[in-house]
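Participant: this is a predicted model, with the sequence first.
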Amino acid sequence: SAVISQKPSRDICQRGTSLTIQCQVDSQVTMMFWYRQQPGQSLTLIATANQGSEATYESGFVIDKFPISRPNLTFSTLTVSNMSPEDSSIYLCSVEDSGGADYGYTFGSGTRLTVV
Amino acid sequence: AQSVSQHNHHVILSEAASLELGCNYSYGGTVNLFWYVQYPGQHLQLLLKYFSGDPLVKGIKGFEAEFIKSKFSFNLRKPSVQWSDTAEYFCAVNDNTDKLIFGTGTRLQVFP
């Protein structure tokens, strides 16, 4: 399975500021996924990031609020912009692993964001 | 759009009781199905997965799940739960878009 390094692991930010979360994968992957897990909730897909093209956002998420970069096949960033306390969540990146018996998804360890 | 339903939001059991958590999905085509567990304060961990073959799949820690295509279901079971099974359980499905969509989750509490 792929190994994902996600950072920062946690941060406390002032409202109105922005935070950029980074995910580094130890192998080349076509698609990377960004999720949000609000307190006590399930994981909600924010967007899918393909290298060389704009990210595809799910309903309720927009590029201005969550800009994503995907400069190469092993790295992606998610920025949470103009933060408010409602953005306090855990943000996770994920990749789809190779096919066959190892098929599945690997998740980063998450970034716990608190907006004050 | 693909959706995943977990009807049991909160389940409370005593140790040694049997467990079944429901999961239904909406997509009519070929799907891959997953159950994840999140222990308190910890990260997501894969319990088991199904993508082809025997519809009864066995995972870690004594869990199993049965894929019933006609019912669009992938219920999770364990014959005898332990206090250490207290956690949040998430069903997830991906279709031909490769996106993994999660259900709302089920909080399981097991009392000794």
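Facilitator: Noted; the coordinates are in hand.
Participant: distance of residue A:44 from residue B:92?
Facilitator: Remark: distance between residue A:44 and residue B:92 (C-beta to C-beta, to the nearest Å) = 12 Å. Backbone N, C-alpha and C define where each C-beta goes, glycine included.
Participant: which residues are common contacts for these two?
Facilitator: residue B:102 (C-beta atoms under 8 Å, 6 or more residues apart in numbering or on different chains).
Participant: ok, these two, which is more surrounded?
Facilitator: More crowded of residue A:44 and residue B:92, by other C-beta atoms under 10 Å in any protein chain shown: residue B:92, with 24 against 17.
Participant: residues contacting that one?
Facilitator: The contact partners of residue B:92, taken as C-beta under 8 Å, 6+ apart, are A:43, A:105, B:4, B:33-36, B:100-103.
Participant: one more: residue B:13?
Facilitator: So residue B:13 contacts B:19, B:81, B:108-111 (C-beta under 8 Å, 6+ apart).
Participant: so which of these sit within helices?
Facilitator: Judged by DSSP state H, those include no members of helices.
Participant: let's see the PyMOL selection covering just the buried ones among the residues you listed.
Facilitator: Remark: buried members of the contacts of residue B:13, expressed as a PyMOL selection using 16 or more other C-beta atoms under 10 Å in any protein chain shown:
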select buried, chain B and resi 19+81+108+110
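Participant: which among the contacts of residue B:13 gets closest to residue B:67?
Facilitator: Proximity of those to residue B:67 (C-beta to C-beta) peaks at residue B:19, which lies at 17.5 Å.
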